[in-house]
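Asks: fold the following, please.
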Amino acid sequence: MNEGRKNMKVAAIQMVSSPTPEENMVVAAKLLRQAKEAGAELLVLPEYWSIMGLRDTDKVNCAEEFGRGSLQQFLSKLAQELDVILVGGTIPLKSDTETKIFNACLVFGQDGNLLTRYDKIHLFGFSNGDESYQESNTITPGAEVVHFPSAIGDVGLGICYDLRFPELFRSMGQCGLMILPAAFTHVTGQAHWEVLLRARAIENQCYVLASAQGGLHQNGRRTWGHSMLIDPWGKILDCVEQGEGYCIGDIDPIQMEKIRTNLPALKHRKLAC
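Replies: Here you go, the predicted model:
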C-alpha cells in the first residue's frame, strides 16, 4: 500500500437464490445496477447465486464449459455495461468427472474480459440431524490459491467454507482486500460467520468483503446472510442481515497502511513457528 492509491467503493450483493438460473439472473442484474448507482466500482455476487437447486445434482446438470455459456456471458456483459470489476460469486463449471463440477469464481474486468478464476478448494461437509451437506459428492476441489492486482492492491479470493482455513488467506500474501462469496447455513452462520470474517480481517490487516445467500430457499435450505464489509481493525462497516440487498463501503488504503504501520504484526511473523 502507498498514499498514492485512492479509495475504492465496493459492494457485496446478497440474494435468496431459486432453482431457476433465469430468475436469478434477473434479480442479480437488478441488485448489481442498484449497487453501481450507489457508487460501487467493484461488485461481488454470492456463492450459488445462479442456482440453489432442489437437489445437489441440479447444479451439475446446468454446468457450463469454461469460456462459454449464458452465465459467463451474463457476468461479462454486466461488468462491461456497468464499467465495474465484477466478482461473479460462483457458477458451476464442468470438470473432468461427469458427475461433478468446479464451484468456480470468475472475475471480469471493466472491459468484460476475464481477469482470473478461482475454484473452491475446501469442500463443505456437515451433518446435524436432518440437516446434512457433502459438497464432495458433486464438486471437484480446486488446487490453486488465487489473487489478482487492482488499484487498491492485490485482491484475494476464497469461497464459503474456505473461511475456516486461515492458512489459505495467509498464503495470498499482503492483500488489500479479501473477498468471500458464500452460502453459509443458518446454523453455522449464526455461530461462526461474523467472528471468522473479522478474524481474517484482523490477522491479515486488510479489508474483507463477504457476499452471502440470506434467507429461506425453495429447496428448504435456510442461509444465514449477513453480507458485510469489514475493515483491517475488525470493524464492520456495513451489513445486510437477511433478504435481498447489498452492503457497500470504501476501501481506504491510507487507513490500512496506518494500521499496518502502528501495529506491524505482518512484519513480526515468525514463519519457522
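
Asks: residue ranges for the strands of the stretch 51-200 of the chain, please.
Replies: Using DSSP state E, counting those that start in this stretch, the strands of the stretch 51-200 of the chain run over 85-87, 91-94, 101-108, 114-119, 125-128, 131-134, 147-148, 155-157, 177-182.

Asks: can you put those strands in a markdown table and add mean neighbour count and mean pLDDT?
Replies: Yep, even glycine has a C-beta here, placed from its N, CA and C like the rest. Converted to a markdown table, the strands of the stretch 51-200 of the chain look like this (neighbours: other C-beta atoms under 10 Å; pLDDT from 0 to 100):
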| stretch | mean neighbour count | mean pLDDT |
| --- | --- | --- |
| strand 85-87 | 27 | 98 |
| strand 91-94 | 23 | 98 |
| strand 101-108 | 24 | 98 |
| strand 114-119 | 20 | 98 |
| strand 125-128 | 11 | 75 |
| strand 131-134 | 13 | 73 |
| strand 147-148 | 20 | 98 |
| strand 155-157 | 27 | 98 |
| strand 177-182 | 28 | 98 |
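
Asks: columns distance to residue 58 on top of those, output as a markdown table?
Replies: Formatted as a markdown table, those follow (distance: least, C-beta to C-beta, whole Å):
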| stretch | distance to residue 58 |
| --- | --- |
| strand 85-87 | 23 |
| strand 91-94 | 9 |
| strand 101-108 | 11 |
| strand 114-119 | 19 |
| strand 125-128 | 19 |
| strand 131-134 | 14 |
| strand 147-148 | 30 |
| strand 155-157 | 24 |
| strand 177-182 | 19 |
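
Asks: nearest to residue 265, out of the ones you listed?
Replies: Among the strands of the stretch 51-200 of the chain, strand 177-182 comes nearest to residue 265, with 15.8 Å by C-beta to C-beta.

Asks: given that closest one, what are its sheet partners and their directions?
Replies: strand 155-157 (parallel), strand 207-212 (parallel) (DSSP bridges).

Asks: how far does the first one sit from its chain's centre?
Replies: Which is strand 155-157. Relative to its chain's centre, strand 155-157 lies at 9 Å (C-alpha atoms, centre = their mean, to the nearest Å).

Asks: and the contacts of that strand?
Replies: With C-beta atoms under 8 Å, 6 or more residues apart in numbering as the test, strand 155-157 has contacts from 42, 87, 105, 107, 116, 118, 146-149, 169, 172-173, 175-179.

Asks: of all the strands paired with strand 177-182, which lies closest to residue 139?
Replies: strand 155-157 (16.2 Å).

Asks: run through the helices of the stretch 1-150 of the chain in chain order.
Replies: Residue ranges of the helices in the stretch 1-150 of the chain, as given by DSSP state H, counting those that start in this stretch, are 21-37, 58-61, 70-82.

Asks: okay, the second one in CSV with CA atoms only?
Replies: Listed next in CSV are the C-alpha coordinates belonging to helix 58-61 (Å, rounded to 0.1, in the frame of the first residue of the first chain):
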residue,chain,number,x,y,z
ASP,A,58,-29.2,-29.8,-10.2
LYS,A,59,-26.0,-27.6,-10.4
VAL,A,60,-24.3,-30.4,-12.2
ASN,A,61,-27.0,-30.5,-14.8
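
Asks: I'd like to know which elements the helix or strand residue 201 falls within is packed against.
Replies: Under the criterion of DSSP states H and E, residue 201 resides in helix 194-204. On a contact count with 3 or more C-beta pairs under 8 Å, 6 or more residues apart in numbering; DSSP states H and E, helix 194-204 meets helix 166-170, strand 177-182, strand 207-212, strand 227-230.

Asks: mind checking which of the ones you listed is nearest residue 27?
Replies: strand 207-212 (13.5 Å).

Asks: now that closest one: how far from the chain's centre is it?
Replies: The answer for strand 207-212 is 6 Å, by C-alpha atoms, centre = their mean.

Asks: where does the chain have its least confident helix or strand?
Replies: Among the helices and strands of the chain, strand 131-134 carries the lowest confidence by mean pLDDT, DSSP states H and E, at a mean of 73.

Asks: where does pLDDT dip in the stretch 1-150 of the chain?
Replies: Within the stretch 1-150 of the chain, the segments meeting pLDDT under 70 span 1-5, 129-132.

Asks: how about the strands paired with strand 177-182 in a markdown table, adding distance to residue 194?
Replies: Listed next are the strands paired with strand 177-182 as a markdown table, based on distance: least, C-beta to C-beta, whole Å:
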| stretch | distance to residue 194 |
| --- | --- |
| strand 155-157 | 19 |
| strand 207-212 | 9 |
